[in-house]
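Colleague: Just to be clear, the model below is a prediction. Sequence and coordinates:
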Amino acid sequence: MLYQEEIETMSRKKLEELQLKRLQDTVKRVYRNVPFYQKKLLEQGITPDDVQTLTDIKKLPFTKKTDLRANYPFGLLAVSMKEVIRIHSSSGTSGKPTTVAYTKNDINHWAEIMARCIAACGGEPGGILHNAYGYGLFTGGLGIHYGSEKLGMATVPVSAGNTERQVMLIEDYKPTVITATPSYLLNIIETMDKLGIDPQNTSLQYGILGAESWSQEIRTHIEERLNIKAMDIYGLSEVMGPGVGIECKEVQNGLHIAEDHFLVEIIDPESLEPVPDGEEGELVFTSLTKEAMPVIRYRTGDIASIIPDPCQCGRTHKRISRIKGRVDDMLIIRGVNVFPSEIESALLQFEELVPHYQLIISREGALDKVTLKVEINEKIYKSINQNLEHDKIKHLTARIYRKIKNSCLISVETLVESPGSIPRSEGKAIRVLKLNEKHVKI
């Protein structure tokens, strides 16, 4: 279903004409109303009149998360506080929070974009959507909620947590669409198993999952267990929230960027130069319609690539690959670069394991050491009489070691643990623990 067919199938020529006008308006807005951006532009000898084509985006300065923190809470506002009707914020667990504000028009645009996303994933007016994203300062819950209502779906604002109640509501209300983080949906599936409910026999048909990196193997597991199609959604608070990009149910390969609202670039994180379509780099976004807190060339830290081929679904907006990881999530283990998602992909080749794991990074002299905790499934656990010293476990541990060594080129100490021993997530999963640092990677 195309919620805004005229926009979603717009010709590249018309779309780029619209983007240019909106980019010029945005640059004028921040130059006039945001001292931070005015100073940045003047330092580079740039005025709004210098933006004459879309390629002129390269003349503009980058914005980083540290800039948002340095201007906390409202230093980057481009409107009066009288025009602000919503404020969201990050948790601030690794420093000052980042604050984002919205005008009435911003909220309306966001709802339209999200309605477009939900429709692309199988949602329809008159259907029921079970929203298990967290509500509050996190943008996920309310972002999905407003879009679902805009589309005309009955929206169940259950939020995250109280998992047995979630299962009861799915059984009773019979939603067709569920939205959650992938790790929390895995938690819901496990709870169904414990309650004696067959996950394949629910009313659910589509899942809209995001807010954390997840592998194709996790997608396959979720789809098989729930008998649904699972689509990836992308967004970040600093740019807007969920809805910046979405997979379509027809193809499930690449996230369509809402290009009428966001200008996307992929750059080399070292040289800061653009990379060719198809090559991986850091995602950069410029907002084109935000009034309260526009961002210019925001460096997301997320690694992806532009998919140059047109999509079979008929949408003409550019697609990006699924997020491989974050620039700062990449682990350097004894000189080898590896993303947690690559280890996840290797682990999910083992049918003896459940899709929950933790990587623990510690120090061994001058070098990093990786310990991998995995969890055996209940069936195997019972077959070995709950004996984790059994030869089957020793053989499994050796196979996991070889698989990760061959796939990721690193050596890991693997600990196979009993069912339910790894903490379950009600939001974003904690996959990497860095014991030699004061913070936890999420």
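Modeller: Here it is on my side, so go on.
Colleague: Pull out the buried residues from stretch 249-267.
Modeller: Going by neighbour count (16 or more other Cβ atoms under 10 Å), the buried part of stretch 249-267 is 249, 252-267. C-beta here means a position set from N, CA and C on the backbone, and glycine is covered the same way.
Colleague: First-to-last residue distance for that stretch?
Modeller: 28 Å (Cα to Cα, to the nearest Å).
Colleague: How many neighbouring residues does Arg402 have?
Modeller: 10 (other Cβ atoms under 10 Å).
Colleague: In terms of secondary structure, what does the helix or strand of the chain with the lowest mean pLDDT contact?
Modeller: Scoring the helices and strands of the chain by mean pLDDT, DSSP states H and E places strand 331-333 at the bottom, with a mean of 73. On a contact count with 3 or more Cβ pairs under 8 Å, 6 or more residues apart in numbering; DSSP states H and E, strand 331-333 meets strand 353-364, strand 367-376.
Colleague: The last one to strand 353-364, inter-axis angle?
Modeller: Interaxial angle of strand 367-376 relative to strand 353-364 (axes from the mean of the first three to the mean of the last three Cα atoms, to 10 degrees): 160 degrees.
Colleague: just how off-centre is strand 367-376 within its chain?
Modeller: 24 Å (Cα atoms, centre = their mean, to the nearest Å).
Colleague: May I see the buried residues of it?
Modeller: Quick answer for strand 367-376 (16+ other Cβ under 10 Å): 368-370, 372-376.
Colleague: swap in stretch 120-133?
Modeller: Going by 16+ other Cβ under 10 Å, stretch 120-133 has these buried residues: 120-124, 127-133.
Colleague: again, but for stretch 146-157
Modeller: Those would be 146-151, 153, 155-157, for stretch 146-157 by 16+ other Cβ under 10 Å.
Colleague: Also stretch 130-143?
Modeller: Buried, per 16+ other Cβ under 10 Å, within stretch 130-143: 130-135, 137-143.
Colleague: do the same with stretch 25-41
Modeller: For stretch 25-41, by 16+ other Cβ under 10 Å, it's 26-27, 29-31, 33-34, 36-37, 40-41.
Colleague: Going by residue numbers, what spans are helices in the stretch 201-350 of the chain?
Modeller: 216-226, 340-347 (DSSP state H, counting those that start in this stretch).
Colleague: can you check the stretch 51-200 of the chain too?
Modeller: 65-70, 104-120, 139-151, 163-173, 182-194.
Colleague: Can you add distance to Glu280 and mean pLDDT and give these back as a markdown table?
Modeller: Converted to a markdown table, the helices of the stretch 51-200 of the chain look like this (distance: least, Cβ to Cβ, whole Å; pLDDT from 0 to 100):
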| stretch | distance to Glu280 | mean pLDDT |
| --- | --- | --- |
| helix 65-70 | 20 | 94 |
| helix 104-120 | 24 | 98 |
| helix 139-151 | 26 | 97 |
| helix 163-173 | 36 | 97 |
| helix 182-194 | 21 | 95 |
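Colleague: winner for burial among those?
Modeller: helix 139-151 (a mean of 25; mean count of other Cβ atoms under 10 Å).
Colleague: between it and helix 104-120, how big is the angle?
Modeller: 80 degrees.
Colleague: So what touches helix 139-151?
Modeller: Here helix 139-151 makes contact (Cβ atoms under 8 Å, 6 or more residues apart in numbering) with 3, 88, 100, 107, 110-119, 123-125, 129, 131, 133-135, 155, 157, 159, 177, 179, 208, 210-211, 235, 237, 240-243.
Colleague: Done for today, thanks.
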